[in-house]
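Trainee: Sequence and predicted structure are below.
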Amino acid sequence: MSIIKRTAILLITAVLSTIIFSCTTTESGKAGAQSGRPVYYGYGEGSSALEAMRNARMSAVRQTAEDLLETAAYEAQKQELDDLLAGITDFSPYIYKDSQQTISSEQSAGFSYQIGVRMNLESIADLLSSRDIFGGQVDGTSGRVYILNDQKAPAVNAGAAEENTQAAGNSEAGTSSPETVPADVSVTPYELAVIKEYLSEMTYMVYFNDETENNPYLARAAVASANRYLEQQGIEYIDLNQIERIKNDQRLVYEEETGEAVSVIQWIAHKLNADIYIEVALDASSSTEAGKYYGTASVTLNCYDASTAIGRGSAVYQTNPPAFSTVSESDALNNAVTSAAFKGMSAAVAGAEEETLKALSSGFKYTLYVVNTPDSAVMRDFSKKVEKKVKNIKRLSYSPEETIYEVSLIGDIGMLEDLIYDTAELIPGLENLTLVMQRRNSITFDTGM
C-alpha cells in the first residue's frame, strides 16, 4: 500500500508542479546559501512559555517539511502532515542541538516566541517517510543527501502571525533569552522553558533532624514559619502534621525498607513525593536585660534532592538585631527562630531552584527497560537513533532477555515514551514494540521479538 501511495504522490507532484508551479520557487529558494543544515525561523504562541516554544519549533519543522516535499506534494498531503505534527510533543530531534536563538519574545495575556534554528533535514525526511508522506526530495531513497536554502531572517514579530508563519523583513538573530540562567549552564530557550515549568511545580518538604535538635518545640516553630513562607509564595509543600504522622506510624516500615541506610527525612520526603526537602538546623540563645527579654537565632536551611539526597544548596539567616519580647525568654527565642526561618527561606528556595536548574540542564534521568532483546545489532541501532534525540543514553546492562538504559532527556516521561515509539518505527524488528509498564521515572517496553 505504501509503494502505491508513494508512486501516486510522486506522479501527482510531477504533474501539478509542471502545470501550476513551473514558474515559481519556494520562499527558501529566494534566500540564503544552500545547506544540509539550513537556518529556518518559527513563530509560536501559547498560554505557557513551554507551549509557545513548542509551537515555534513546530512552525519551523512544518516549513522545512513543506520545502522538502515541495509545494504540490505538500498541498496534497497537508492534512496528513498536520496530523503527524499534532502528535509530536518534542521537536528537538529535528533541530540541531544548541543551534536555537530567540529572535523575539513577548508576555501579555499569553506567551509568544520567534526563534531561529538549524534544521536536521535527515531526521525530518525520515519522519515523513515513516508516515508514507512523500514528494520533492523525500522519495524514500536510502542514504539520500538533503539540501535546502537558509531562510531569510524575519522581522521581529509585533504580534500574532497567521498560521505560525513569520513576517518578512530583516532582523539580527541571536538576542539573548528572556530567561536568566547561571553562567555555567548551557540550555536552549526551549529546554529552559521545560526546566522552568518543572521548577514552578516542585513540592518542598521542610523538617528537622530530631536526633540532633535539642529543642523540638523551637524546631517545629521554625518548620511552621518556613511553610508559611512557601504558602505565601504559592509553592506546594508537605504539611508538618503529615510528616510527623508518617514518621510515627511507619517507623518500622522505614527500618525494614531502608535498614536506616538513608535518613528518615529523605525517606519521608520520597514517600510523600516531595521534590526538594529542606533540613532545618538551629543555633539559638536568649538573655534578659532590665526586665526585657531578647532572643537571637541562626537558622541553617540545607536543601536536598528528595530522590538522591544530593545537595541543592543551603542558606543561613541570623537575627540582627535580636528579637524582643516583654513576656519571657522563651517567647523571645520563638520570635527569633520563626523570623530567621521565614526570612531565610527566600534564599533557600532560590538556591534550590538554581542548583536544580544546573542539574537538570544535563537532562532528567529515566531508566528504560526493553525486554526480549535477542538481537544485539538491532538494539545497538536503536540506541544510536535514540542518542540523536536525547541529552544522553547509557546502556547499563544487556542480555537476550532484557536491556537496560539510563536516558537523560529534558522532558517528561510521556515525551520519552513518544520518542521511543517514533524511533522503534524506523528500525526493522522493533515495529511491534509495546509499553509494558511505567512507574515514576522508569518505563518498560517489550520488543515482541
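Mentor: Happy to help now that I have it. Numbers count the residues shown, from 1 in each chain.

Trainee: Tell me how far the one helix or strand Asp67 maps to lies from the chain's centre.
Mentor: According to DSSP states H and E, Asp67 maps onto helix 49-69. Offset of helix 49-69 from its chain centre (CA atoms, centre = their mean, to the nearest Å): 18 Å.

Trainee: tell me the residue furthest from the middle of this structure?
Mentor: Largest separation from the mean C-alpha position in the chain: Ala290, at 58.2 Å (CA atoms, centre = their mean).

Trainee: how far does stretch 39-57 stretch from start to finish?
Mentor: With CA to CA, to the nearest Å as the measure, the first residue of stretch 39-57 is 12 Å from its last.

Trainee: quick check: mean pLDDT across that stretch?
Mentor: Average pLDDT, stretch 39-57: 88.

Trainee: same thing with stretch 100-112?
Mentor: Stretch 100-112 shows an average pLDDT of 79 in the prediction.

Trainee: From the opening residue of that stretch to its closing one, how far?
Mentor: Counting by CA to CA, you get 15 Å between the two ends of stretch 100-112.

Trainee: Name the SS class of the residue lying closest to Gln77 once chain neighbours are set aside, please.
Mentor: Of all residues not flanking Gln77 in the chain, Ile133 sits nearest, at 5.2 Å (CB to CB, 6 or more residues apart in numbering). For the C-beta atoms, the positions are set from N, CA and C on the backbone; glycine is no exception. Assigned state for Ile133: coil (three-state reduction, DSSP: H, G, I helix; E, B strand; the rest coil).

Trainee: How far away from the center of its chain is stretch 320-335?
Mentor: 45 Å.

Trainee: circling back to that earlier point, moving C-terminal from the helix holding Asp67, which element do we reach first?
Mentor: Downstream of helix 49-69, the first helix or strand assigned by DSSP H and E is helix 71-76.

Trainee: right, and Met449 touches Ile427 too?
Mentor: No. Look at Met449 against Ile427 with CB atoms under 8 Å: they stay out of range, at 11.2 Å.

Trainee: Find residues that contact each of the two.
Mentor: Shared contacts of Met449 and Ile427 (CB atoms under 8 Å, 6 or more residues apart in numbering): Val378.

Trainee: Next, find the distance separating Ala348 from Gly42.
Mentor: According to CB to CB, to the nearest Å, Ala348 and Gly42 sit 38 Å apart.

Trainee: Which of the two has more residues huddled nearby?
Mentor: Between Ala348 and Gly42, counted using other CB atoms under 10 Å, Gly42 has the larger neighbour count: 31 against 28.

Trainee: quick one: strands adjacent to the strand or helix carrying the more buried one?
Mentor: Gly42 is part of strand 39-46, with elements assigned from DSSP H and E. Using DSSP bridges, strand 39-46 pairs in its sheet with strand 111-118 (antiparallel).

Trainee: residues in contact with the strand it pairs with?
Mentor: Residues outside strand 111-118 that contact it (CB under 8 Å, 6+ apart): 37-49, 51-53, 55-57, 60, 95-96, 99-106, 153-154, 156-157, 160, 166, 173-174, 189.

Trainee: Quick one: work out the angle between that strand and helix 49-69.
Mentor: Calculated by axes from the mean of the first three to the mean of the last three CA atoms, to 10 degrees, strand 111-118 forms an angle of 40 degrees with helix 49-69.

Trainee: any idea how far Arg144 is from Val194?
Mentor: To Val194, Arg144 is 32 Å away according to CB to CB.

Trainee: The two: which has the busier surroundings?
Mentor: A direct count of neighbours by other CB under 10 Å for Arg144 and Val194 places Val194 higher, at 25 against 14.

Trainee: Touching, the more buried one and Glu51? I think so.
Mentor: No. Assessed by CB under 8 Å, Val194 is found out of contact with Glu51, at 10.9 Å.
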